[in-house]
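**Student:** predicted structure and sequence below. I'll ask about it afterward.
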Amino acid sequence: MRSRQKPCDKAARCCAWDLTDLSFMTEAVFQAPKRRAKVYESFEAPLPISLSAEDKEPIIYRAEIISHHVVVTDPAHILPLYERGYFGKGVFSRSRPEHGISQQWKYVGDRCLPVISSSEYQKRLRWARAALLMQGLEDESVSHALETLTKPVEFVVGEEQSLGSLVDQSMDEVSCEHGSLDRTDPARPQRQGNPLYDPLAEVCPEEPEQLLKAHVKCRRPEEQQPMSSEAYQHVLVVLSEDDDSASSTTANVSGEQQGKLVCRINPFSMMEYLQLSYEEAFFLVYALGCLSVYYSGEALSVAQVWTMFRSLQPSFSSSYAAYHYFRSKGWVPKSGIKYGTDLMLYRKGPPFYHASYSVVVNRCDESLRPFSWKSLAALSRTTGNVSKELMLCSVITPSDMTEDMLSSPECLKRFTLQEVIVSRWVSSRERTEQEEI
C-alpha cells in the first residue's frame, strides 16, 4: 500500500487510516489518465460561465425533488447542465440524456418521423391504457379513445430526404481550429491543455497539435435525430403480414424492409429527464450557485436542501465533502456503484477519458462501513482488473463537532480530507524490477 499526494495539491497529507499492519509505504507515482480511443463530443467550459446575452444576469437552472430523486425536467436546462461539467445522467440513458423513441427515421412530406415495429406500438398502447385506467376512467371509454388513436393518419408524402439535412450542420460539427476564437470566449469548446478551463492541465501532457485543428463530432452520425417536438406526436408503424409474430424493436427502413409503413398517432410519449445525485445537486446549489431546487412547488434555501439531503442519505455530509474536494481539484466525480465504490474520478469527463480512480469514502469517527482485509483485497483486485487505482478517502471531523453543527453546511469548513492509494504488491513483479536495477 502506498500513500500519495493529489496532482493538483502537492501539499495534501497522507490519510489517517489505521496503517499499523502495513509492511511498507512508498510515495505514489501519478499515472496520467487514459484517453478514450474515440471522442464524439467537444469540451465546453464547465459551469458557471454562461451569461444571458440580454440582461447579463447569471442563469439559474431549476431542479425538482420527485419521489426522493432530484430531476431536471426543463429541456432547456438538461443539456447545459450535462455538457458543462457532466452533472447527472439521463433517466433512460447510461450517461448523456439522448434517449430516442427509435434509431430509424423516415421523411413523410416535410416531417421526419420515427419508425417503430408493430410490437413496440402495441406496447405503447398498453402503457397508455394503463395510464388512463389509473386515472379512474372506464374501460369502455379507454378502449374507444385508443381505437381512435390507432387510426392511420394521412400525410402528403414528398420525396425522401437524407436525415443529415434535417439538423443544422452547426449543431453537429464544431470547429476547433486553434486561434479561431479568443481563448476566454465561453462559447468556444475548450480543449485539453488550457489551464483556465482545465485545472489538471499542469500535470498532464497537452493533446497532440494535430488534434487542435480537428473537427469534433458532437454525436455519432448514426445517432443524429431530429430536434423537432412534432417528431414524437406521430410514428411510422411497420405492419408485418402477421402482427402477432415477434418482430424487432427497431425497423429497417432500407430497400430490404419487409412490411408496410403506416403513420399513426403516438399513444404514449416519454420524455427523458436529467437525474442528479444529491452531491451533484448540492454542489450546483452551494458551490456554484447556479441551481434552484424546488420541492412541492416551493424553492428551497441552501440550508433546507442540506437538511433534506441529510435526512434522505445519512452519510451525505461526508460523501458531499469528498465530492466537493475532488471537484475543486479539477476531477469529474461520478457514481462508482458499478465497481463497488462511492465515486469514480474522470479527467474532463467520461466522454474524453477513462476513470482514473475508484474512491471509497469513509468518515473516520464512525464505523459506517466495516472494512476487513478480505473486502479490501477483493475491491483492490476488482479495481485493478479494470485498469483503475483504488483510493481510500477519509473525511476527518473535529472531535468537538456536535450533531447540531452538522445540521448546517457551514460544518464543511472544518472537515479535513486525506487520501491513500491502495496497490497490490506482486512478488514476481518486485523481483523483476530488482533484477533490472
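**Tutor:** Sure, I can see it. Bear in mind that the values here come from a model prediction, so they are computed numbers and not experimental data.
**Student:** these two touch, right, Lys348 and Phe43?
**Tutor:** Yes - if you go by CB atoms under 8 Å, Lys348 and Phe43 touch, sitting 6.0 Å apart. Backbone N, C-alpha and C define where each C-beta goes, glycine included.
**Student:** where does pLDDT dip in the stretch 251-400 of the chain?
**Tutor:** 251-259, 365-370 (pLDDT under 70).
**Student:** and the helices in it, which stretches?
**Tutor:** For the stretch 251-400 of the chain, applying DSSP state H, counting those that start in this stretch gives helices covering 278-282, 302-312, 316-328, 373-385.
**Student:** list the buried ones in the first one?
**Tutor:** Read that as helix 278-282. Neighbour-count burial for helix 278-282 flags 278-282 (criterion: 16 or more other CB atoms under 10 Å).
**Student:** now do the last one
**Tutor:** Residues of helix 373-385 classed as buried: 379-380, 383-384 (neighbour count, 16+ other CB under 10 Å).
**Student:** same check, this time on the third one
**Tutor:** Buried residues in helix 316-328, counted by 16+ other CB under 10 Å: 316-327.
**Student:** contacts for that helix?
**Tutor:** 278-280, 282-283, 287, 309-310, 313, 333, 342-343, 345, 359, 361-363, 368, 393, 395, 406, 411-412, 415, 417 (CB atoms under 8 Å, 6 or more residues apart in numbering).
**Student:** got the angle between it and helix 302-312?
**Tutor:** 120 degrees (axes from the mean of the first three to the mean of the last three CA atoms, to 10 degrees).
**Student:** and the closest residue to Leu291 other than its chain neighbours, what does it touch?
**Tutor:** Excluding its sequence neighbours, the residue lying closest to Leu291 (CB to CB, 6 or more residues apart in numbering) is Leu284, at 3.6 Å. Applying CB under 8 Å, 6+ apart, we find Leu284 in contact with 47, 61, 63, 81, 87, 276, 290-291.
**Student:** same question for Pro97.
**Tutor:** 78-79, 82, 89-91, 272-274.
**Student:** save the residues you listed as TSV, and put in distance to Gln31 and neighbour count too.
**Tutor:** Shown next, in TSV, are the contacts of Pro97 (distance: CB to CB, whole Å; neighbours: other CB atoms under 10 Å):
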residue	distance to Gln31	neighbour count
Ile78	34	21
Leu79	32	14
Tyr82	27	21
Lys89	26	20
Gly90	30	17
Val91	34	15
Glu272	35	17
Tyr273	36	22
Leu274	31	27
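**Student:** ok, of the residues you listed, which one's closest to Ser301?
**Tutor:** The closest of the contacts of Pro97 to Ser301 turns out to be Leu274 (CB to CB; 22.3 Å).
**Student:** okay but that closest one is in contact with Leu81, surely?
**Tutor:** Yes - the pair Leu274 / Leu81 is scored as a contact, 6.1 Å apart, by CB under 8 Å.
**Student:** overlap of the contact sets of the two?
**Tutor:** Listed as contacting both Leu274 and Leu81 by CB under 8 Å, 6+ apart are 72, 87-88.
**Student:** identify those among the residues you listed that sit within strands.
**Tutor:** Judged by DSSP state E, those include Val72 as members of strands.
**Student:** what's the closest of the shared contacts of Leu274 and Leu81 to Gln135?
**Tutor:** Closest approach to Gln135 among those (CB to CB): Val72, at 25.9 Å.
**Student:** what bridges to the nearest residue to that closest one once chain neighbours are set aside?
**Tutor:** Leaving aside its sequence neighbours, Val72 sits nearest to Leu274 (CB to CB, 6+ apart; 4.1 Å). Judged by DSSP bridges, the bridge partners of Leu274 are Val72, Gly90.
**Student:** so who does Leu274 touch?
**Tutor:** Leu274 neighbours (CB under 8 Å, 6+ apart): 71-72, 77-78, 81-82, 87-91, 97.
**Student:** before we move on, the earlier item: quick one, which of the contacts of helix 316-328 are buried?
**Tutor:** Taking 16+ other CB under 10 Å as the criterion, what is buried in those is 278-280, 282-283, 287, 309-310, 333, 342-343, 345, 359, 361-363, 393, 395, 406, 411-412, 415, 417.
**Student:** how is this structure partitioned into domains?
**Tutor:** Listed domain ranges for the chain are 2-95+273-431, 105-165+225-265 (source: automatic domain parsing).
**Student:** okay, these, which one's buried deepest?
**Tutor:** Highest mean neighbour count among the domains of the chain (mean count of other CB atoms under 10 Å): domain 2-95+273-431, with a mean of 17.
**Student:** give me the subset of the contacts of helix 316-328 that lies in strands.
**Tutor:** 333, 343, 345, 359, 361-363, 393, 395, 417.
**Student:** and which of the residues you listed is nearest Ser375?
**Tutor:** Comparing the ones in strands among the contacts of helix 316-328 against Ser375 with CB to CB places Asn362 closest, at 12.3 Å.
**Student:** in the sheet, who's paired with the closest residue to that closest one other than its chain neighbours?
**Tutor:** Once flanking residues are discounted, Asn362 sits nearest to Ser394: 5.7 Å by CB to CB, 6+ apart. Counting by DSSP bridges, Ser394 is bridged to Asn362, Gln418.
**Student:** doesn't Phe371 make contact with Ser394?
**Tutor:** No - using CB under 8 Å, Ser394 is not in contact with Phe371, being 11.1 Å away.
**Student:** which neighbours do the two have in common?
**Tutor:** Residues touching both Ser394 and Phe371 (CB under 8 Å, 6+ apart): Asn362.
**Student:** per-residue pLDDT, the closest residue to Leu312 other than its chain neighbours?
**Tutor:** Among residues not flanking Leu312 along the chain, His68 sits closest, at 5.6 Å (CB to CB, 6+ apart). The model reports His68 with a pLDDT of 92.
**Student:** do Gln225 as well
**Tutor:** pLDDT recorded at Gln225 is 45.
**Student:** and Ser50, by the same measure?
**Tutor:** The model reports Ser50 with a pLDDT of 55.
**Student:** repeat that for the one 10 residues further on.
**Tutor:** As summarised for this prediction, Ile60 has a pLDDT of 90.
**Student:** what sits closest to it if chain neighbours are left out?
**Tutor:** Distance criterion CB to CB, 6+ apart; nearest residue to Ile60, sequence neighbours excluded, is Ser292 at 5.3 Å.
**Student:** so that neighbour versus Gly88, what's the distance?
**Tutor:** Distance, Ser292 to Gly88, using CB to CB, to the nearest Å: 15 Å.
**Student:** just Val153 next, same as before
**Tutor:** When CB to CB is applied, the distance between Val153 and Gly88 equals 36 Å.
**Student:** swap in Gln233?
**Tutor:** Distance of Gln233 to Gly88, computed by CB to CB: 27 Å.
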